[in-house]
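Asker: Fold the stuff below for me.
(2 chains)
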Protein chains: 2
Amino acid sequence: MSERIPRVVIVGGGFGGLAAAKALRRTLAQVTLIDRANHHLFQPLLYQVATSVLTPGQIASPIRGILRNQKNVTVILGEVTGVDKDRHCVLANSADREGVPLPYDYLILATGVRHSYFGHNEFERFAPGLKSLADAVAIRNKILQAFEQAEAEEDPSLHRDLLTFVLVGAGPTGVEMAGAIAVLIRTTLRSEFRRIDPASARIVLLDMAPRVLGPFSENLSQAAKERLEKLGVEVRLGHGVDQIDDDGVIVAGERIVSKTVIWTAGVAPSPAGKWLGVETDRAGRVRIEKDLTVPGHPEIFVVGDTAALEQDGKPLPGVAQVAIQQGRYAGKLIHSRITGSATPAPFRYFDKGNMAVVGKGFAVLQSGKIHLSGFPAWLAWAAVHLEFLATSSLRVSVFVQWVWTYLTGQRGSRLIVSYHGSAQIKPKPSPPPLVQPLQAGKELQPQR
Amino acid sequence: MSERIPRVVIVGGGFGGLAAAKALRRTLAQVTLIDRANHHLFQPLLYQVATSVLTPGQIASPIRGILRNQKNVTVILGEVTGVDKDRHCVLANSADREGVPLPYDYLILATGVRHSYFGHNEFERFAPGLKSLADAVAIRNKILQAFEQAEAEEDPSLHRDLLTFVLVGAGPTGVEMAGAIAVLIRTTLRSEFRRIDPASARIVLLDMAPRVLGPFSENLSQAAKERLEKLGVEVRLGHGVDQIDDDGVIVAGERIVSKTVIWTAGVAPSPAGKWLGVETDRAGRVRIEKDLTVPGHPEIFVVGDTAALEQDGKPLPGVAQVAIQQGRYAGKLIHSRITGSATPAPFRYFDKGNMAVVGKGFAVLQSGKIHLSGFPAWLAWAAVHLEFLATSSLRVSVFVQWVWTYLTGQRGSRLIVSYHGSAQIKPKPSPPPLVQPLQAGKELQPQR
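Answerer: Here you go, the predicted structure:
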């Protein structure tokens, strides 16, 4: 290493990127974390924003607030557009400029996934997916608006179509969302309408797989399905959707008329593989070595959902725990290289297990040999999710909200709001300035 | 009255409309409240959303949730486009239809105001105003984004322009906003940035009037101004803005370069006067009788900011208390007409006083002969504002947030989010159905 303070660029402030930044807190390095959002999003609870239980502010926290005391990190709001591997630069749109180069000695790409329509992008218009706060608020608007439209609609024959909700994809997101909508209509919305009965709403959960919650054991899948059916959800398995349009969906040749279709199926990785011009798996995830680096580039790490790595012959799943453990590993490995300390053993994922909520006070939990369903699993779910929220104030806020909602049926945020204004990075074409290294000084002292 | 249950249509779910609906809770009437938003908004705290203290969900509550137990009210999400006085119908876009007629026997218009650019609508693009949740979120985005841009900007000479905030209008909104931004930069944002010092931001408060907080006494104006200056706000009085554009403002011939200009000046009433085709004052507010009805139309009431009424030779101010007292009066008068009970005495506004917050733990308060400034006034302000929030859960939530923010400097919601999706009423041109009266039945039983 030269005498210059090494530069680490982390792209993405999700679970992987944040874990990497925190693992570098004692490293004499100039860390830059760039994200196109100003907040870290706790995605596992996004469905609770979409169903009005929590507000956006309860599951998202400004990245620079989380890292405020880690003085070796600079947080930049900007959108990465590419990587120049030869010049060791990330290219980004930020501060009204296009293609600003961010030079790195070490690069960590933790850029996650978006939802994918499996080649049917025309479905997106009719069936929004759920990956960002904006998605969640759009789906919340859509669900609440369906009830408003039905109440304003004086022709009762149209109420049925307006109050049919179709969820495409019965993985954790689809199951949790279906359960949450079922609880919404039976508790919160009850007795608020005069012309319609919200509880008469029809909720249909579709999947081409033969069972819900594929990653769980058959017993737990079955328990989740039975619970959903008890909540009034129609679970239809074994057929993919043939069509999604303005009038609903077509599945197994049958038209289900619905004004509210929500996409809870697959995901596609970020374009990290394209930026790097390296080998990806079929889905587009970057194939990485056992130390999470890109083959031939020991200075470039890819972690989390956008990376493809096998362990014991099976690909690692796209869950928060993999991203967290990989981000932490990449940070530690970079620390060892910078300090010249012992290199950690190859990455190994420790599987803590899987959980999914079904409705109110019921979850399924699978961890090693432990298979649980019901209220105890829900308590465990609640405890773990509170634990992993980014800040203690969010923990308190979400905990209080859950207790309140559990007891009263009242929800945190049932607003229908169309926000104008824009938080997009709007780059103006202007000559990119030469990048000055940050002045080393007090803000670059590592924490002890 | 015929034997048919009388129909009361209330347009607007703000302070006036809600008060009117509640005053009708024991009346055997079929009340329809229509609003283009699904929520009642507590506007006096809107500046706290714009400055990240509170989340949108903490100052807004679904109207149908507030009125859930009042079974004689039907709440409709829709946008009123006109009034047909002869046919006794309100015309509205709702449930995907245009021009749906809502027949009434009594009509209460409580449609409020929007901000006004005094004939300079071209200013709106550069200087957003603050009246709705969407406005508040747009301004929050704009303020937070200015700091993000400055941090991402490597040329320090541009930092000054990016960190100059100009507020046009030094009434309560401008004063409260200026104080809140000053506190934001000195507490919450402190130590989160590496390249910029948020506390170096420049806050300029402009007004053409010779003092801030015009409706208050000179002493209190002076106290507020001194407090603002202590917080580092530049208060410039006695000159209107000549120009607002992409580069900032021009005032008294001087250019103040700023990327963040916020409009906190005048308001203009809703088009209620145009809908009715009746006499308005110069500002466009409907002139009403002492019983709040439109001259010649004893069945049409106009209340709140969109009405013009003088008392003791002075026009009533556009504040929440006037709207609440007028809404309640209109409801009671309609109740007396329907039940044939004694007609209430002409409306008389009881002035409880005025308050404005300046920064943290400091307010000015003027009520009758009581003139207060400082921390005691702030406590009174906090108590009164908690009291008037729509639901007890909001009261608890806002109270906890205030204590938290006061003690830690941490804020509720510092998210920069561009929400897509839309909550606008998107009418499809289709033949308006004939309006069927609601079936009288259990849902129309008045409460006892």
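Asker: In chain A, where is pLDDT below threshold?
Answerer: Low-confidence regions of chain A, defined here as pLDDT under 70, cover residues A:1-2, A:412, A:418-448.
Asker: would you list every one of the helices in it?
Answerer: In chain A, helices defined by DSSP state H lie at A:15-23, A:46-50, A:56-59, A:63-66, A:133-152, A:159-162, A:172-186, A:218-230, A:272-276, A:320-339, A:375-388, A:392-408, listed in chain order.
Asker: does any part of the strand ranked longest in chain A sit near chain B?
Answerer: Counting residues, the longest strand in chain A under DSSP state E turns out to be strand A:73-84. Yes. Contact of strand A:73-84 with chain B is found when judged by CB under 8 Å from any CB of the partner chain, involving A:73, A:74, A:75, A:76, A:77, A:78. C-betas here are computed from N, CA, C, even on glycine.
Asker: Show the contacting residues for the last one.
Answerer: Okay, so that is residue A:78. When contacts are counted by CB atoms under 8 Å, 6 or more residues apart in numbering or on different chains, residue A:78 is found next to A:34, A:35, A:36, A:92, A:93, A:94, A:95, A:100, A:425, B:152.
Asker: Roughly how far does the fifth one sit from residue A:274?
Answerer: Summarising the geometry, the distance separating residue A:93 from residue A:274, computed by CB to CB, to the nearest Å, is 16 Å.
Asker: So which of these two has more stuff around it?
Answerer: The residue with the greater number of neighbours, taking residue A:93 and residue A:274 and applying other CB atoms under 10 Å in any protein chain shown, is residue A:93; the counts read 20 against 14.
Asker: Surely the more buried one is in contact with residue A:77?
Answerer: No. Shown here, residue A:93 and residue A:77 do not form a contact pair, counting by CB atoms under 8 Å, at 10.1 Å.
Asker: what about residue A:66, neighbour count?
Answerer: A count of nearby residues for residue A:66, using other CB under 10 Å, gives 21.
Asker: okay, the longest strand of chain A in CSV with CA atoms only?
Answerer: What follows is strand A:73-84 as a C-alpha-only set of coordinates in CSV (Å, rounded to 0.1, in the frame of the first residue of the first chain):
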residue,chain,number,x,y,z
VAL,A,73,-17.4,7.4,5.8
THR,A,74,-18.7,10.0,3.3
VAL,A,75,-22.3,9.3,2.2
ILE,A,76,-23.2,10.5,-1.3
LEU,A,77,-26.7,10.6,-2.9
GLY,A,78,-26.2,9.6,-6.5
GLU,A,79,-27.0,7.0,-9.1
VAL,A,80,-24.2,4.8,-10.3
THR,A,81,-24.2,4.3,-14.1
GLY,A,82,-21.1,2.2,-14.6
VAL,A,83,-17.7,1.0,-13.5
ASP,A,84,-14.4,1.7,-15.2
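Asker: quick one, it and helix A:15-23 angle?
Answerer: For strand A:73-84 against helix A:15-23, the angle by axes from the mean of the first three to the mean of the last three CA atoms, to 10 degrees is 130 degrees.
Asker: Name the residues of strand A:73-84 that come out as buried.
Answerer: Applying a neighbour-count criterion of 16 or more other CB atoms under 10 Å in any protein chain shown, one finds A:73, A:74, A:75, A:76, A:77, A:78, A:79, A:80, A:82, A:83 buried in strand A:73-84.
Asker: With stretch A:346-364 instead?
Answerer: For stretch A:346-364, the neighbour count (16+ other CB under 10 Å) marks A:347, A:349, A:353-360, A:362-364 as buried.
Asker: One more: stretch A:37-44?
Answerer: Residues of stretch A:37-44 classed as buried under the neighbour-count rule (16+ other CB under 10 Å) are A:37, A:38, A:39, A:40, A:41, A:42, A:43, A:44.
Asker: wait, what's in contact with the first one?
Answerer: The reference is to residue A:37. With contact taken as CB under 8 Å, 6+ apart, residue A:37 is in contact with A:13, A:63, A:77, A:132, A:133, A:423, B:416, B:417.
Asker: Including distance to residue A:28, could the residues you listed go into a markdown table?
Answerer: Rendered in a markdown table, the data for these read as follows (distance: CB to CB, whole Å):
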| residue | distance to residue A:28 |
| --- | --- |
| A:13 | 22 |
| A:63 | 22 |
| A:77 | 25 |
| A:132 | 35 |
| A:133 | 35 |
| A:423 | 34 |
| B:416 | 31 |
| B:417 | 35 |
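Asker: Return the member of those nearest to residue B:23.
Answerer: When these are compared for distance to residue B:23 (CB to CB), residue B:417 comes out closest, at 37.9 Å.
Asker: Quick check: the gap between residue A:340 and chain B.
Answerer: Using CB to the nearest CB, to the nearest Å, we find residue A:340 at a distance of 26 Å from chain B.
Asker: Next: residue A:220.
Answerer: Taken as CB to the nearest CB, the spacing of residue A:220 relative to chain B amounts to 33 Å.
Asker: How about residue A:133?
Answerer: Distance of residue A:133 to chain B, computed by CB to the nearest CB: 5 Å.
Asker: Pretty sure that residue sits against residue A:42.
Answerer: No. Between residue A:133 and residue A:42 there is no contact, the gap being 10.3 Å when judged by CB under 8 Å.
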